[in-house]
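J.: Predicted structure and sequence below. I'll ask about it afterward.
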Amino acid sequence: MLKTLCQIASIGIASEPPPQADESLRIRDSIQEHIRAVLGRALCIRHVDAGSCNGCELEIHALNNPLYNLEGLGIRFVASPRHADLLLVTGPVSKHMEVALLRTYEATPDPKLVVAIGDCGCTGGIFGESYSSRGRVSNVIPVDVAVPGCPPSPTRILQGILAAVADKVPANPR
Amino acid sequence: MPLQPWFARSEAHPGAPGLSALSVSHDEWRQVAQDVAAAGGRLLALWASSDQHAAPKIHAVFLAERGGLVLTLPITDTDTPYPGIEDLFPAAARMQRAAADLSGVRSRDPDTRPWLRHAAWPQNYRPLIDPLPIATAPQVDSYEFVRVEGDGVHEVAVGPVHAGIIEPGHFRFSVVGEKVLRLEERLGYVHKGIELRFTQLPILEAHQLAARVSGDSAVAFSWAYCQALEGMAGTEVPPRAGWLRALYLELERVANHLGDLGALGNDTGFAFGLAQFSRLKEQVLRTNQDAFGERYLMGAIVPGGTRRDLSRTALPGLRSCVWEILKQALTLRTIYDEHEGVRDRFNGAGRVAPELAARLGLIGLAGRASAQPFDLRSNLPCEPYTQLSVNKIVRSEGDVAARVAVRFDELQESCRLIQHILAELPHGPHVTPVPMPADGVIGTGLIEGWRGPVCIALEAGPNGTIRRCHPHDPSWNNWPVLEHAIIDNIVPDFPLINKSFNLSYSGHDL
């Protein structure tokens, strides 16, 4: 126990300040102007791997490391789409995952946001469309923000998430 | 019969060192497999291909003490199933089923259920052979899981969408109370047509797709691809390029082992471990970014060498990063070792006894934790591993604790190798041109990735095209063993046991 505490004390706080939202990543204006008024700063994310090579998952994992301090920003990953405000989807969407993705989308309560991650989620990437791939995520479910990169860095993913939830117009007071 | 006569009949095969190729008849196919099994060798990969006239062939890569054997069986009559080898190598069952799904070539073995095919294409469509894609509406297919019956037996179905940030797959547990009687896996959810996609890319550019077969093993797959291609083209890679590739491969191993060690601590409820190790992993990724311009080295290896040279100015950053990782990992290892709660969860969980591991053909990191002493870096070393003398890490307990210990030891060994490489890196060019291989030439690449041996089988088509490329992840061999590792454990230990193997879905589903 003493060693654990010493290690914690010697490393200190590793977290870095967050990046700015990147409005250039937004591809769809939606009903999300109320989301911050409704949710405050807390945002629950459900990740769905719809056919990725696992590269984007590594960076989503990295986003959860202490340097990015995600929970400090009020953002956390949840285990069920029914608890989620936002789906973080990596692709390309394989045909074998199409039904699962649609069901996950349907299980997510409204209003919901979808952020597609990675070149494959944005365009189908190197895998494209084929007998077993539907390509980009927006071919299957509506996408609000798409973050390119192979894989996009944790900072880019976070910028995309922030862009999806950032108010474009002032929220209605409630 | 000993293996020697088969090797005597075989021809040298381009790509990885120590490989020979042999074309056999229907009857000899099983005979060779029997002899390899009797000699304690193992099956690495099995797949089907077809030549320009759509005449199918079935291939297998076996690894034995004296080298690797690439076996080919031309199928003359497609209506007659070829002899299966599931009884000799249990891992062959799913590979044979996948070959039937993709190429329509069937074995005589009893399990005829589809494996990679769910509902995206009908049974009579052969994605790798039939020219036109078919349109299907999104649908769910039914799959015949093996039912366990008896008093109090119930099923727990998990996936394909899991509760964490993890790839999709389905696990069907048959349990009594909380004890697992049987686990049956169903994979293929992330099948995105990688093997067909290879045939649409120029042979000199498809290393980029190889790097994305399984994103966590980008270096291993892209190196294996380039090794096969360079062997086929007769290209000698400059020494500096080989050493840089080894540097990338060991950095990939370090990054993945750090990630797993953190996640394994977390799965025992020790969040401290995740915070500490994920911080260290991030340090490696950022050092990669500074030294090589990318965090995951997806584009670092190109045909003929490496994309970039390593600048002298990057050396101090790499050295201090590795030194810091080593120091921190040793501290954290003591903490894991002394933490009663962590030790309690690790010890004895998900045990695969050495005899079972040998029978089922467990390979790679998980194999070495169950006394299967095979590591390509020392058994069939390519350049520069011939000069690096890798210390092979082997344990015999076969439980989660052993797989953790192998990771700690390999992490330490990789840090040593990286320091050695940085000190001894030869001078000279880091890349050389690779000519287009001739139509019909075949080659095989074999690289020991962090998870285990990664294999790429490549066949050139006319004018710089690819006729067939089969990438093979060691997860094919180890997924079936996970079904055994969980037996008699409790369901809540599954995430921990699963993580201790950390097998690839994308690399398996293709």
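T.: Now that the structure is in, tell me what you want to look at.
J.: mind pulling up the phi and psi values for whichever residue of chain A sits closest to chain B?
T.: Nearest residue of chain A to chain B (CB to the nearest CB) works out as A:Gly55 at 2.7 Å. Glycine gets a C-beta too; all of them are placed from N, C-alpha and C. Per-residue torsions, A:Gly55: phi -70, psi -50 (degrees, to the nearest 10).
J.: now the one 5 residues further on
T.: Backbone geometry at A:Ile60, expressed as degrees, to the nearest 10, gives phi -70, psi -40.
J.: Not counting its neighbours along the chain, what's nearest it?
T.: What sits nearest to A:Ile60 in space, not counting adjacent residues and going by CB to CB, 6 or more residues apart in numbering or on different chains, is B:Ile165, at 5.1 Å.
J.: Counting neighbours, what do you get for B:Pro83?
T.: Counted with other CB atoms under 10 Å in any protein chain shown, the neighbours of B:Pro83 add up to 17.
J.: For the chain, which residues score under the pLDDT cut-off?
T.: You didn't pick a chain, so chain A it is. Applying pLDDT under 70 to chain A flags the ranges A:26-41, A:167-174.
J.: Switch to chain B, please.
T.: For chain B (pLDDT under 70), the answer is B:1, B:132-134.
J.: Just the closest residue of it to chain A, please.
T.: Closest point on chain B to chain A, by CB to the nearest CB, is B:Gly215, at 2.7 Å.
J.: quick one, what contacts the residue lying closest to that residue once chain neighbours are set aside?
T.: Spatial nearest neighbour of B:Gly215, excluding adjacent residues (CB to CB, 6+ apart): A:Gly55 at 2.7 Å. Contact analysis of A:Gly55 by CB atoms under 8 Å, 6 or more residues apart in numbering or on different chains lists A:118, A:150-151, B:212, B:215-216, B:218, B:296, B:298.
J.: Go through those and say which is closest to B:Cys469.
T.: Of all the contacts of A:Gly55, B:Arg212 has the smallest distance to B:Cys469: 12.9 Å, by CB to CB.
J.: Specify the local secondary structure of the nearest residue to the closest one once chain neighbours are set aside.
T.: Distances taken as CB to CB, 6+ apart place A:Cys53 nearest to B:Arg212, at 4.5 Å, with adjacent residues excluded. Three-state assignment for A:Cys53 (DSSP: H, G, I helix; E, B strand; the rest coil): coil.
J.: was I right about B:Val441 contacting B:Gly461?
T.: No. The pair B:Val441 / B:Gly461 is not scored as a contact, 9.9 Å apart, by CB atoms under 8 Å.
J.: what about the two, which has more around it?
T.: Between B:Val441 and B:Gly461, B:Val441 has the larger neighbour count (other CB under 10 Å), namely 19 against 16.
J.: Contacts only, for that one.
T.: Residues near B:Val441 by CB under 8 Å, 6+ apart: B:14, B:232, B:459-460.
J.: what residues does the stretch 151-300 of chain B put near chain A?
T.: By CB under 8 Å from any CB of the partner chain, the residues of the stretch 151-300 of chain B that approach chain A are B:160-161, B:163-168, B:188-194, B:196-197, B:208-209, B:212-216, B:218, B:259, B:272, B:275-276, B:278-279, B:281-282, B:285, B:295-296, B:298.
J.: Where does B:Leu69 sit: helix, strand or coil?
T.: strand.
J.: how many neighbours does the nearest residue to it once chain neighbours are set aside have?
T.: Distances taken as CB to CB, 6+ apart place B:Phe62 nearest to B:Leu69, at 4.6 Å, with adjacent residues excluded. Residues near B:Phe62, counting by other CB under 10 Å, number 26.
J.: Over to B:Asp409?
T.: Neighbour number of B:Asp409 under other CB under 10 Å is 18.
J.: just B:Ala353 next, same as before
T.: 15.
J.: thought it was touching B:Ser370?
T.: Yes. With contact defined as CB under 8 Å, B:Ala353 and B:Ser370 form a contacting pair (7.0 Å).
J.: Tell me which other helices or strands the longest strand seen in chain A touches.
T.: In chain A, assigned by DSSP state E, the strand with the most residues is strand A:43-49. When contacts are defined as 3 or more CB pairs under 8 Å, 6 or more residues apart in numbering or on different chains; DSSP states H and E, strand A:43-49 sits against helix A:55-63, strand A:75-77, strand A:86-90, helix A:95-107, helix A:154-165.
J.: deepest of these, which one?
T.: Of all those, strand A:86-90 carries the top mean neighbour count, a mean of 27, counting by mean count of other CB atoms under 10 Å in any protein chain shown.
J.: Am I right that B:Cys455 is in a strand?
T.: Yes. Applying three-state DSSP, one finds B:Cys455 inside a strand.
J.: can I assume it is in contact with B:Leu446?
T.: Yes. Counting by CB under 8 Å, B:Cys455 does reach B:Leu446; the two are 5.5 Å apart.
J.: Identify the contacts common to those two.
T.: With CB under 8 Å, 6+ apart, B:Cys455 and B:Leu446 have common neighbours B:44, B:61, B:224.
J.: so the longest strand of chain A versus helix A:154-165, what angle?
T.: Going by axes from the mean of the first three to the mean of the last three CA atoms, to 10 degrees, strand A:43-49 is angled at 120 degrees with respect to helix A:154-165.
J.: show me where the stretch 201-350 of chain B has strands.
T.: Secondary structure of the stretch 201-350 of chain B, counting by DSSP state E, counting those that start in this stretch: strands at B:301-302, B:305-306.
J.: Any residues of the stretch 401-510 of chain B in contact with chain A? List them.
T.: Within reach of chain A by CB under 8 Å from any CB, the stretch 401-510 of chain B has these residues: B:504-507, B:509.
J.: These in strands, which ones?
T.: Using DSSP E, none of those sit in strands.
J.: now for chain A, which residue lies nearest the mean position of the chain?
T.: A:Leu88 (3.4 Å; CA atoms, centre = their mean).
J.: hmm, back to that, would you mind giving both backbone torsions of the residue nearest to A:Ile60?
T.: phi -90, psi 90.
J.: ditto for B:Phe62
T.: phi -110, psi 140.
J.: cool, B:Gln31 as well?
T.: phi -60, psi -40.
J.: nearest to B:Gly361, of the helices and strands packed on strand A:43-49?
T.: Nearest of the helices and strands packed on strand A:43-49 to B:Gly361, taken as CB to CB: helix A:95-107 at 26.4 Å.
J.: which residues are contacting that closest one?
T.: Residues from elsewhere that reach helix A:95-107 (CB under 8 Å, 6+ apart): A:46, A:48-51, A:80-82, A:87, A:89, A:93, A:112, A:114, A:131-134, A:137, A:140-141, B:118-120, B:136, B:138-140, B:160-161, B:168, B:188-191.
J.: now, which of the residues you listed lie within strands?
T.: The members of these that map onto strands under DSSP E are A:46, A:48-49, A:87, A:89, A:114, A:133-134.
J.: Quick check: which element contains the spatially most distant residue from the centre of chain B?
T.: Centroid-distance maximum for chain B: B:Asp151 at 39.2 Å, with CA atoms, centre = their mean. Using DSSP states H and E, B:Asp151 sits in no helix or strand.
J.: Distance of it relative to B:Phe171?
T.: Using CB to CB, to the nearest Å, B:Asp151 is found at 23 Å from B:Phe171.
J.: which residue ranges form the strands in the stretch 401-510 of chain B?
T.: B:442-448, B:453-460, B:466-472.
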